[in-house]
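In: Fold the following for me, if possible:
(one chain, ligands or ions: 1)
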Amino acid sequence: MKSVIAELERRREKARMGGGQERMAAQHARGKLTARERIECFLDEGSFEEFDMYVQHTCTDFGMEKVKMPGDGVVTGWGTVNGRIVYIFAKDFTVLGGSLSKTHAQKITKIQDMALKSRAPIIGLFDAGGARIQEGVDALGGYGEVFQRNVMASGVIPQISLIMGPCAGGDVYSPAMTDFIFMVRDRSYMFVTGPEVVKTVTNEEVTSEQLGGASVHTTKSSIADGAYDDDIEALAQMRRLIDFLPANNLSESPVLDHYDPWDREDHSLETLVPNNPNKPYDMKELILKVVDEGDFFEIQEAFARNIITGFARMEGRTIGIVANQPMVLAGVLDSDCSRKAARFVRFCDAFDIPVVTLVDVPGFLPGTDQEYGGLIKHGAKLLFAYAEATVPKVTVITRKAYGGAYDVMGSKHLRGDVNYAWPSAQIAVMGAKGAVEIIFRKDLDDPEKIAQHTKDYEDRFLSPFVAAERGFIDEVIMPHRTRLRIARALRMLRNKRLENPWKKHDNIPL
Ligand code: HXC
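Out: Got it, this is the predicted structure:
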């Protein structure tokens, strides 16, 4: 027995060494943790249970029968985050560059199957060179198996990807089908084909960072939902994200202890909206002042900043926030921000997270850029997402809610449950200037008449009351009481049940 135990220890030790001391040192020299260190850092201390640490590849081409490393380039298993079960796989770059072989893929799919069966979130830590080149088609098959499971799990369990090194070729599409992708700045990059292929095919010369670094994917492509400075910060933030999320689409989000009174009033909100309707103000201030303890986990902070999306809590329960940001492009809806918010609303709806919408929107962005870029379809995504959502929907209009954008942003007409407006709200088909220029075109040469028409229009339409008289707004609320009004609305809606008609699936304008 003693010798068997010694053999077990020897094998475990060998497996834990991954690609060996030298490669582990090289990993550290690049400012990266190893796969197992990352897992230790992410999970509750001592909670990790590893599976398949002795698995080895079966490839015999190109002398691969002589290159055997236990674990085969990916560390898999499960553990807990603040006591809640999470499945995890971490690519081990020290073993053949974390490249994916048939057996490597089988380790991942085993974990995916277990996560789905036990309805718990799964997180993938990526640091790898794509398909194991020596295996060829076996690796392609392996990727396909992983992708299929990503799709089956989508909307059932949260799937999160954290890119911590290279993520190229076949490795990019599994993260792309998960709910969130985060990256580590300056150390990670994602692309389908790398700089060398790009040079050959298109003659462009780019670095990995320029092609697919965090600076690109958080601002231009919107592939990534956020980025952090190093491995430890990124892993700590992933723990924070997990705390906001339910284990699956049928379970509730965790209810956390909170020390922020639900009826806390904030009188500084009375002066948040400037008197001048064209002056911007920071919508984030409202978010931070309204939610529990000012704790806000922003999604896609650096992309399409004219809309803000992210998770927060009210009375300890997770909510999703969608808010126009008057500080950026006056909070206008364009293609990028519509896609960003639509995806977020759909995530919330899939996982039963109530959506709180804060509205100050002057309309859709005009111009050929937008129209050629498909604004109609992208805008429709957000409209569609709100309209199909059956979770509790609470909306507060702080200032402008003009035109089609009024309808889109969680309006009563898209089954908004509770729709509030501040006294400063202006709910209208368009702003006064635009309206007067259309309906009083004949008076355009007479500034006095135009000024009078503008004033008349403002007095009549630029208030919350025209909408409130029609029941489109349930109540005009005092800004300083926003937190308690939202908290009460969400409490009232806690047992909301609403079902859409049966269908195979909808046909959201992709
Ligand atoms: C086998 C690989 C590998 C791969 C890296 N390695 N990528 N082995 N298959 N795909 C090995 C290297 O041989 C090396 O082994 C070790 O991992 C570390 O790699 P380095 O190149 O020394 O590291 P670095 O300089 O940091 O460069 C990392 C890298 C580079 C940028 C990822 O390795 C690279 O370009 N790899 C190939 C990327 C690629 O083209 N992948 C295939 C994509 S095709 P030793 O023994 O020296 O330590 C694909 C199609 C699938 O994925 C599509 C499915 C839909």
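In: use CA for all of it now, contacts and neighbours both
Out: Fine.
In: any chance you could map the helices in the stretch 1-150 of the chain?
Out: 2-16, 21-29, 35-42, 102-117, 137-153 (DSSP state H, counting those that start in this stretch).
In: Now that we have the ones you listed, can you turn them into TSV and tack on distance to the ligand, mean pLDDT and mean neighbour count?
Out: Shown next, in TSV, are these (distance: least, Cα to the nearest ligand atom, whole Å; pLDDT from 0 to 100; neighbours: other Cα atoms under 10 Å):
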stretch	distance to the ligand	mean pLDDT	mean neighbour count
helix 2-16	16	90	12
helix 21-29	7	96	14
helix 35-42	14	98	20
helix 102-117	12	98	21
helix 137-153	5	96	18
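In: so what's G155 closest to, chain neighbours aside?
Out: Closest residue to G155 apart from its sequence neighbours, by Cα to Cα, 6 or more residues apart in numbering: A350 at 5.4 Å.
In: Looking at the stretch 401-510 of the chain, which residue is nearest the ligand?
Out: Nearest to the ligand in the stretch 401-510 of the chain, going by Cα to the nearest ligand atom, is L510, at a distance of 21.4 Å.
In: In contact with that residue, which residues are there?
Out: In this structure, L510 makes contact with K377, H378, K381, judged by Cα atoms under 8 Å, 6 or more residues apart in numbering.
In: The first one belongs to a helix?
Out: Yes - with DSSP: H, G, I helix; E, B strand; the rest coil as the criterion, K377 is assigned to a helix.
In: tell me the contacts of it?
Out: Contacts of K377 by Cα under 8 Å, 6+ apart are P509, L510.
In: 7 Å - rerun?
Out: P509 (Cα atoms under 7 Å, 6 or more residues apart in numbering).
In: got it, and the one 3 residues further on?
Out: Counting by Cα under 7 Å, 6+ apart, A380 makes contact with P509.
In: Can you list phi and psi of it for me?
Out: phi -60, psi -30 (degrees, to the nearest 10).
In: same for the helix or strand hosting E458, what does it pack against?
Out: Assigned by DSSP states H and E, E458 belongs to helix 447-461. Counting contacts by 3 or more Cα pairs under 7 Å, 6 or more residues apart in numbering; DSSP states H and E, helix 447-461 packs against helix 432-439.
In: Pull out the buried positions in the helix it packs on.
Out: Residues of helix 432-439 classed as buried: A432, A435, V436 (neighbour count, 16 or more other Cα atoms under 10 Å).
In: Do you know the pLDDT at the first one?
Out: The reference is to A432. Here, the pLDDT recorded for A432 equals 86.
In: Going forward, count from 46.
Out: Renumbered: residue one is now 46, and that last one reads A477.
In: hmm, back to that, which of the contacts of L555 sits closest to I84?
Out: The shortest approach to I84 among those belongs to K426, at 36.4 Å (Cα to Cα).
In: ok, the closest one - contacts?
Out: S383, R384, A387, I553, P554.
In: host element of the residue in the stretch 296-445 of the chain positioned nearest to the ligand?
Out: Closest contact between the stretch 296-445 of the chain and the ligand, by Cα to the nearest ligand atom, is at R388 (23.6 Å). Assessed by DSSP H and E, R388 sits inside helix 380-395.
In: elements contacting that helix?
Out: By 3+ Cα pairs under 7 Å, 6+ apart, helix 380-395 packs against strand 352-359, helix 420-433.
In: got the buried residues for the last one?
Out: Along helix 420-433, the positions that meet the burial threshold by neighbour count (16+ other Cα under 10 Å) are 420, 422-433.
In: buried set for stretch 527-536?
Out: In stretch 527-536, counting by 16+ other Cα under 10 Å, buried: T527, R528, L529, R530, I531, A532, R533, A534, L535.
In: try stretch 95-103
Out: Those would be F96, D97, M98, V100, Q101, H102, for stretch 95-103 by 16+ other Cα under 10 Å.
In: Quick one: residues contacting the fourth one.
Out: What it means is V100. Residues counted as contacts of V100 (Cα under 7 Å, 6+ apart) are P115, G116, D117.
In: And Q415, how far from N321?
Out: 28 Å (Cα to Cα, to the nearest Å).
In: any chance of the buried residues of stretch 527-536 in JSON lines, with pLDDT, distance to the ligand and secondary structure too?
Out: Formatted as JSON lines, the buried residues of stretch 527-536 follow (pLDDT from 0 to 100; distance: Cα to the nearest ligand atom, whole Å; DSSP: H, G, I helix; E, B strand; the rest coil):
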{"residue": "T527", "pLDDT": "98", "distance to the ligand": "48", "secondary structure": "helix"}
{"residue": "R528", "pLDDT": "98", "distance to the ligand": "47", "secondary structure": "helix"}
{"residue": "L529", "pLDDT": "98", "distance to the ligand": "50", "secondary structure": "helix"}
{"residue": "R530", "pLDDT": "98", "distance to the ligand": "49", "secondary structure": "helix"}
{"residue": "I531", "pLDDT": "98", "distance to the ligand": "45", "secondary structure": "helix"}
{"residue": "A532", "pLDDT": "98", "distance to the ligand": "46", "secondary structure": "helix"}
{"residue": "R533", "pLDDT": "98", "distance to the ligand": "48", "secondary structure": "helix"}
{"residue": "A534", "pLDDT": "98", "distance to the ligand": "46", "secondary structure": "helix"}
{"residue": "L535", "pLDDT": "98", "distance to the ligand": "43", "secondary structure": "helix"}
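In: No further questions, thank you.
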